[in-house]
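A.B. asks: Could you look at this predicted model? Sequence included:
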Amino acid sequence: MKYARIYADEAGESHFEDVEVGLAPRDFAPPAPPLHLSPVEPATGVAFVRFPAGRAGDWHPTPRREYFVFLAGEVEGETSDGDRRRYGPGSAVLLEDTTGKGHRSRVVGDGDALAVVVQLAD
């Protein structure tokens, strides 16, 4: 499985990086058969978020390390180095650009976008 990571370098510029997640068989919910899971990361909060159609957010760093997992609609993210990526249903991004110029995003298309945000422990 892959997800995109947004991070800030020492100069404060934000960038995308593709991250490959290893999945290994584990007894997750016995007696059900094993599932292929990634390592578990501690989280401090989980929320659902709606990005209204037409929403465009200006440059900002993320307030904390957090995953966004997109459920519906489409959002385009841009890093300060000019790279742009689109996220639709089933895609995930890890935001780690807590310093520097940050990133910006906008809803693509005519509908709202829905996501789950998982706030990670420090």
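C.D. replies: Sure thing, it's come through.

A.B. asks: Contacts for stretch 65-75 next, please.
C.D. replies: Defining contact as Cβ atoms under 8 Å, 6 or more residues apart in numbering, one finds that stretch 65-75 is touched by 3, 49, 51, 53, 86-96, 98, 105-109, 111-120, 122. Yep, even glycine has a C-beta here, placed from its N, CA and C like the rest.

A.B. asks: Just read off the phi/psi values of the residue most central in space within the chain.
C.D. replies: Closest to where the C-alpha atoms of the chain average out (Cα atoms, centre = their mean) is residue 93, at 2.3 Å. Here the main-chain torsion angles of residue 93 (degrees, to the nearest 10) amount to phi -140, psi 140.

A.B. asks: can you pull out the strands in the protein?
C.D. replies: Secondary structure of the chain (DSSP state E): strands located at 2-8, 14-20, 24-26, 35-37, 43-51, 56-60, 66-72, 74-79, 84-87, 92-95, 103-108, 113-120.

A.B. asks: what's around the nearest residue to residue 37 once chain neighbours are set aside, how many residues?
C.D. replies: Closest residue to residue 37 apart from its sequence neighbours, by Cβ to Cβ, 6 or more residues apart in numbering: residue 26 at 4.7 Å. Residues lying near residue 26 (other Cβ atoms under 10 Å) number 13.

A.B. asks: Quick check: residue 26 vs residue 15, distance?
C.D. replies: To residue 15, residue 26 is 32 Å away according to Cβ to Cβ, to the nearest Å.
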